[in-house]
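Asker: Have a look at this prediction, sequence included:
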Amino acid sequence: ERTGRSFPSWNWAPLLAPAVWAVYRRLWVPGIAFAAWPFLALALFRFVEPHLGDSGTVSLVVALLLVWVVPGIVGALVANTLVHRRARQLVRDAECRAGEPDKVARWLSRRSVIAPIPAGLTGAATILLTLYVVVPSLQTAYAEQVVRARIAEGLAAMQPLQRRLEAWFASPLPSSAPDF
């Protein structure tokens, strides 16, 4: 309190749904940022995904980390700082409006610090948008990865035949045809 700021600490509430938590706490800008994070992470995943190799499990884990786990951890780490900043701002506003301590306390006690209805709507919208945008995109990326893996398997299976044909064309006696 003496420093006027909060140090990063852990808050379990925003771990699973940081956007819903932020809106519930009337932290509108962080709520919008946390709601937009999965879509930005999806764009990053689409850029990184071709470089992950042919493992579907690795791609799924990276997507899960980028879209859900990392925003939750960041939200859990900065939550107390955001709430502290918001509380300090509310107290400053109350002191500017009222001036007298009893009026400040009355104004603060009447002020709602949570917004359950917008939080519920944000949660529903986030789930719907995730189902509508993120899941099909991840499904498409997975299908593309499966196709790439099958093409790579087919090309790998053709390598012995390719070597034999190259050896046959390079041999001085073309009459000795390979036995395919």
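Answerer: Ah, there it is. Everything numeric here is computed off the predicted structure, so don't read it as measured data. Numbers count the residues shown, from 1 in each chain.
Asker: Now for this structure, the helix or strand with the poorest mean pLDDT.
Answerer: When each helix and strand of the chain is scored by mean pLDDT, DSSP states H and E, helix 56-64 comes last, with a mean of 80.
Asker: So which bits of it are buried?
Answerer: Ser59, Val62, Ala63 (16 or more other Cβ atoms under 10 Å). (C-beta placed from N, C-alpha, C; glycine too.)
Asker: Hmm, the last one is touching Phe45, no?
Answerer: Yes. Using Cβ atoms under 8 Å, Ala63 is in contact with Phe45, at 5.2 Å.
Asker: List the contacts of Glu95.
Answerer: Contact analysis of Glu95 by Cβ atoms under 8 Å, 6 or more residues apart in numbering lists Val104.
Asker: Next, the angle from the helix or strand it falls within to helix 56-64.
Answerer: For Glu95, the host element (DSSP states H and E) is helix 70-98. Put simply, helix 70-98 runs at 0 degrees to helix 56-64, going by axes from the mean of the first three to the mean of the last three Cα atoms, to 10 degrees.
Asker: What is the subsequent helix or strand relative to helix 70-98?
Answerer: Counting by DSSP H and E, what follows helix 70-98 is helix 101-110.
Asker: In the chain, where is pLDDT below threshold?
Answerer: Applying pLDDT under 70 to the chain picks out residues 1-6, 54, 173-180.
Asker: which residues of it fall in helices?
Answerer: In the chain, the helices defined using DSSP state H lie at 18-24, 28-48, 56-64, 70-98, 101-110, 116-129, 135-170.
Asker: what's the spacing between the residue nearest to Tyr142 when sequence neighbours are not counted and Leu42?
Answerer: In space, Tyr142 comes closest to Gly56 once its chain neighbours are excluded; the distance is 6.0 Å by Cβ to Cβ, 6 or more residues apart in numbering. As judged by Cβ to Cβ, to the nearest Å, Gly56 and Leu42 stand 17 Å apart.
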